[in-house]
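Trainee: only the shape, not the letters, is given here:
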Ligand SMILES: Cc1cc2nc3c(=O)[nH]c(=O)nc-3n(C[C@H](O)[C@H](O)[C@H](O)COP(=O)(O)OP(=O)(O)OC[C@H]3O[C@@H](n4cnc5c(N)ncnc54)[C@H](O)[C@@H]3O)c2cc1C
Ligand code: SF4
Ligand code: SF4
């Protein structure tokens, strides 16, 4: 897993980092993942699910708590 | 919306609406906020409740009763089935209408109900008032309340803001998936339960009839980090052989903590009720009327506290004592039973149901059931027996 210091470097050398990704085709906005997230990194607003990648510890507890399989830990370029 | 209220309730589910109604009836200025645009929708529930229990909160109304249930059945994956009378006559609700009716009754009692209003943070000020940040129709707002009742369900954040941090263990967290199905050929007066690890690991499946050949068909599984299938995939496998000619009208998913209630349900100026306080039954996860009872107790204590001018945690703790007197013993027992039952291998559970299915249920007694448990899995009896004697 890459360090958080990776976030904020310049575009070309932004390395891939692991983040919890939401598959919005599968998410039903049920909130089941919110309850098991220790640092409170997931917020559900009506029909928007927001993950705070800065506070997320990549503990992966939210993944099996999702009834639809909408969450996964994937490699993504940091914004 | 005013600037200050006696009681502010976050979340207009059954627990929140009853809390708001109880506070308003006692003459408290009460605000009930709901982040959704429509109370009761989308439904996240299998909608079964005890008839007499629900009637203690609201007069029965055919508008929100989908079916009346006389019997329960418990089946194993092989299809053996034991039919038993329920402890209490059961209703399958139309929660969309039921939840709205409860919020309506809160408004009738004088509570102000606002939808599309989300709580976004809270903090108790030195003067004892709780400041609550809101987002109403997308606009930031602030209100102050003497007591805040957090009825914000499984996804509760208010419990965290209040420092009660309810992070459930994964094995004590149910992940649920359900379809509302039509063209279902089942006995409309029997609620079916289905057990077995292969079918719903750590949980169980259900078929709750809703009349008109419709039924809630669903299951809960435990949140297993090693799981290879999602709850929805387990559900698809459950319905495929059982309901090949039925159609799906709606999909419902959600999560329910079955940890037993939070060790602390109050903080200074704050009380948690319903699923926010993990008040669902720690075996079956039924939480509608349990949350309504929690909401009633909390509001009664909030009213007393406000009248006494003391809304500190130590005063509000009276609510925890009321809860414990009503539910503490049975919840500790149900929690233990689930912990014991999930350790029993599927073949043993199936064998017990198979043997019970061959008895004449009209004459079956608790002694007969215990005799089966002793024959098949004596260990189970040893584990749960202490919770039935004395304690
Ligand atoms: C699939 C499934 C099947 C179930 N089957 C049954 C059953 O058959 N029988 C039974 O008794 N129980 C059942 N339950 C459990 C039952 O649904 C819950 O226990 C019950 O709904 C809890 O009520 P509540 O009022 O605490 O919370 P909820 O009904 O969840 O209401 C909470 C409300 O708070 C709102 N809210 C959340 N955050 C905020 C915020 N920040 N600001 C404003 N509003 C907010 C939400 O939008 C929601 O409307 C089931 C649950 C599931 C998931
Ligand atoms: S990985 Fe852990 S910290 Fe990150 S969102 Fe999921 S539960 Fe929360
Ligand atoms: S648990 Fe899954 S479906 Fe439910 S809100 Fe979280 S990501 Fe979406």
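Mentor: Great, that's in hand. In this text, all values refer to a predicted model and were calculated from it rather than measured experimentally. Numbers count the residues shown, from 1 in each chain, chains lettered A, B, ... in the order given. Ligands and ions are numbered 1, 2, ... in the order given.

Trainee: all helices for the chain, in order.
Mentor: Reading this off chain A. A:62-65 (DSSP state H).

Trainee: that's the other chain; I wanted chain B
Mentor: Under DSSP H, chain B gives helices at B:14-25, B:51-55, B:95-108, B:158-161, B:231-242, B:288-308, B:313-316, B:318-323, B:329-341, B:346-357, B:366-376, B:378-384.

Trainee: stretch B:141-161 vs ligand 2: in contact?
Mentor: No - judged by CB under 6 Å from any ligand atom, stretch B:141-161 and ligand 2 are separated, with a smallest distance of 12.4 Å. Just so you know, the C-beta spots here come from the backbone N, C-alpha and C atoms, and that holds for glycine as well.

Trainee: may I see the buried residues of that stretch?
Mentor: Using 16 or more other CB atoms under 10 Å in any protein chain shown as the test for burial, stretch B:141-161 gives B:141, B:143-161.

Trainee: so it, near ligand 3 or not?
Mentor: No - Stretch B:141-161 does not reach ligand 3 (CB under 6 Å from any ligand atom); its nearest approach is 8.0 Å.

Trainee: now do the same end-to-end measure for that stretch.
Mentor: 17 Å (CA to CA, to the nearest Å).

Trainee: average pLDDT for it?
Mentor: On average, the pLDDT along stretch B:141-161 is 97.

Trainee: same question, stretch B:61-70
Mentor: According to the model, stretch B:61-70 has a mean pLDDT of 97.

Trainee: model confidence score at the most centrally placed residue in chain B, please.
Mentor: Closest to where the C-alpha atoms of chain B average out (CA atoms, centre = their mean) is residue B:287, at 1.7 Å. The score at residue B:287 is 96. That number is its pLDDT.

Trainee: correct me, but residue A:42 touches residue A:53?
Mentor: No - if you go by CB atoms under 8 Å, residue A:42 and residue A:53 don't touch, sitting 10.8 Å apart.

Trainee: between these two, which is the more surrounded one?
Mentor: residue A:42 (24 against 18; other CB atoms under 10 Å in any protein chain shown).

Trainee: can you pull up the most central residue in chain A?
Mentor: Central residue of chain A (CA atoms, centre = their mean): residue A:20, at 2.7 Å.

Trainee: circling back to that earlier point, quick one: contacts for the residue nearest to the centre of chain B?
Mentor: By CB atoms under 8 Å, 6 or more residues apart in numbering or on different chains, the contact list for residue B:287 reads B:256, B:274-275, B:279-281.

Trainee: now swap in residue B:155 and tell me
Mentor: A:31-32, A:34-35, A:44.

Trainee: and residue B:146, how far is that from residue B:277?
Mentor: Taking CB to CB, to the nearest Å as the measure, residue B:146 falls 20 Å from residue B:277.

Trainee: before we move on, what about residue A:40?
Mentor: 17 Å.

Trainee: looking at these two, which has the bigger crowd around it?
Mentor: Taking other CB under 10 Å, residue A:40 and residue B:277 do not tie; residue B:277 has more neighbours (30 against 15).

Trainee: between which two of the contacts of residue B:287 is the distance greatest?
Mentor: Maximum pairwise distance in the contacts of residue B:287, criterion CB to CB, is 12.3 Å, between B:274 and B:281.

Trainee: common neighbours of these two, please.
Mentor: Joint contacts of residue B:274 and residue B:281 (CB under 8 Å, 6+ apart) are B:287, B:290.

Trainee: more neighbours, these two?
Mentor: Taking neighbours as other CB under 10 Å, residue B:274 and residue B:281 compare with residue B:274 leading, 32 against 19.

Trainee: pretty sure that one is touching residue B:12, no?
Mentor: No - using CB under 8 Å, residue B:274 is not in contact with residue B:12, being 10.9 Å away.

Trainee: what's the overlap in contacts for those two?
Mentor: Joint contacts of residue B:274 and residue B:12 (CB under 8 Å, 6+ apart) are residue B:151.

Trainee: what about the closest residue to residue B:208 other than its chain neighbours, how many neighbours?
Mentor: Once flanking residues are discounted, residue B:208 sits nearest to residue B:216: 4.5 Å by CB to CB, 6 or more residues apart in numbering or on different chains. Look at residue B:216: counted by other CB under 10 Å, it has 25 neighbours.
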